[in-house]
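Trainee: Fold the following, please.
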Amino acid sequence: MNVSEAIAARRSVRGYRADPVEPAVLHSIVSKAARAATGGNLQPWHVDVLAGEPLEALKAVIAAKLWRGESETPSYDIYPKELAAPYRDRRFGVGEAMYAEIGIPREDKDARRLWFARNFQFFGAPAALFCTVDRRMGPPQWADLGMYLQNVMLLAVEAGLATCAQECWAMYPETVGAAIDIPPERMLFCGMAIGFEDTEEPANRLRSARAPEGEWLRVHS
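Mentor: The predicted structure follows:
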């Protein structure tokens, strides 16, 4: 598999088989990903990999919090408070496409909330990671995190695995911080589900659209 093929194959998978991922494979992926570009060679990412009992324990704690309706102060605003077009339209479009695949109509708010809660079970993935960053870092270093995480996702594709990057975990920084002992000087950036795709999961039929080049590309020559 070449890089172009891995990029084309990568997508957010929201349903996994229970088959465990070999620890050596996980270690290889997160280690190789550290060759990501990083301004000034700061390498600002900090990564915690979870599987087995630690993962199950966290999922149980977060499920109980969701059941009780408990919330926390998010690490950051996941989306701008005033999300304008065309970004608002793209977000709405992919959401409606996903709910169409799983057969949940817009008016069924309870079913949509239950589906959203599956984020906090990593969609059944047998492994996961959390990415944290020093709070003193700024936008350039956040971009470095994105490049590291993209490497993780492409290397996972190469290894026959699926992923789903999940910024929603930033909504529960205290719970995650307690579970994996995040130092106070670091901020929870995101989580990521990792595992083998469940090809029977309807949500995995979704292929999100990409905007035409005319909306984002200008060539000067």
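
Trainee: Show me what the lowest-mean-pLDDT helix or strand in the chain is packed against.
Mentor: Least confident helix or strand, the chain: helix 109-117 with a mean of 92, by mean pLDDT, DSSP states H and E. Contact analysis of helix 109-117 by 3 or more CB pairs under 8 Å, 6 or more residues apart in numbering; DSSP states H and E lists helix 87-102 as its packing neighbours. C-beta coordinates here come from the backbone N, C-alpha and C atoms, glycine included.

Trainee: quick one: contacts of the helix it packs on?
Mentor: Contacts of helix 87-102 from elsewhere in the structure, counted by CB atoms under 8 Å, 6 or more residues apart in numbering, are 14, 79-80, 83, 105-106, 112, 115, 202-203, 205-206, 208-209, 211.

Trainee: Show me just the buried residues among those.
Mentor: Neighbour-count burial (16 or more other CB atoms under 10 Å) is assigned, among the contacts of helix 87-102, to R14, R112, W115, A203, L206.

Trainee: Where does the first one fall, secondary structure wise?
Mentor: Applying DSSP states H and E as the criterion places R14 outside every helix and strand.

Trainee: now, which of the contacts of helix 87-102 sits nearest L188?
Mentor: Proximity of the contacts of helix 87-102 to L188 was ranked by CB to CB; the top entry is Y79 with 16.7 Å.

Trainee: A helix includes the closest one, no?
Mentor: No - in this structure, Y79 is coil, not part of a helix, as judged by DSSP: H, G, I helix; E, B strand; the rest coil.

Trainee: So for it, what's the nearest residue that isn't a sequence neighbour?
Mentor: R91 (7.2 Å; CB to CB, 6 or more residues apart in numbering).

Trainee: Please apply the same query to V152.
Mentor: Using CB to CB, 6+ apart and skipping residues adjacent in sequence, the residue nearest V152 is A33, 4.4 Å away.

Trainee: who are the neighbours in contact with the one you found?
Mentor: If you count contacts by CB under 8 Å, 6+ apart, then A33 has Y148, L149, N151, V152, L155 around it.

Trainee: So what sits opposite the most centrally placed residue in the chain in the bridge?
Mentor: The geometric centre of the chain, computed from its C-alpha atoms, lies nearest to A165 (CA atoms, centre = their mean), at 1.4 Å. The residues paired with A165 through beta bridges, assigned by DSSP bridges, are M192.

Trainee: How confident is the prediction for it, by pLDDT?
Mentor: Residue-level confidence at A165 comes out at 98, pLDDT.

Trainee: Touching, it and I194? I think so.
Mentor: No - the pair A165 and I194 fails to qualify as a contact (CB atoms under 8 Å) at a distance of 10.1 Å.

Trainee: Quick one: the helices in the protein, in order.
Mentor: Using DSSP state H, the helices assigned to the chain run over residues 3-9, 23-32, 52-68, 87-102, 109-117, 139-158, 173-180.

Trainee: can you list contacts of the least confident helix or strand of the chain?
Mentor: For helix 109-117, using CB under 8 Å, 6+ apart, the contacting residues are A63, L66, Y99, I102, I104, R106, C168.

Trainee: could you measure the nearest residue to the second one once chain neighbours are set aside against C168, distance?
Mentor: With CB to CB, 6+ apart as the criterion, L66 has its nearest non-adjacent residue at 5.3 Å, and that residue is A117. Going from A117 to C168 by CB to CB, to the nearest Å gives 10 Å.
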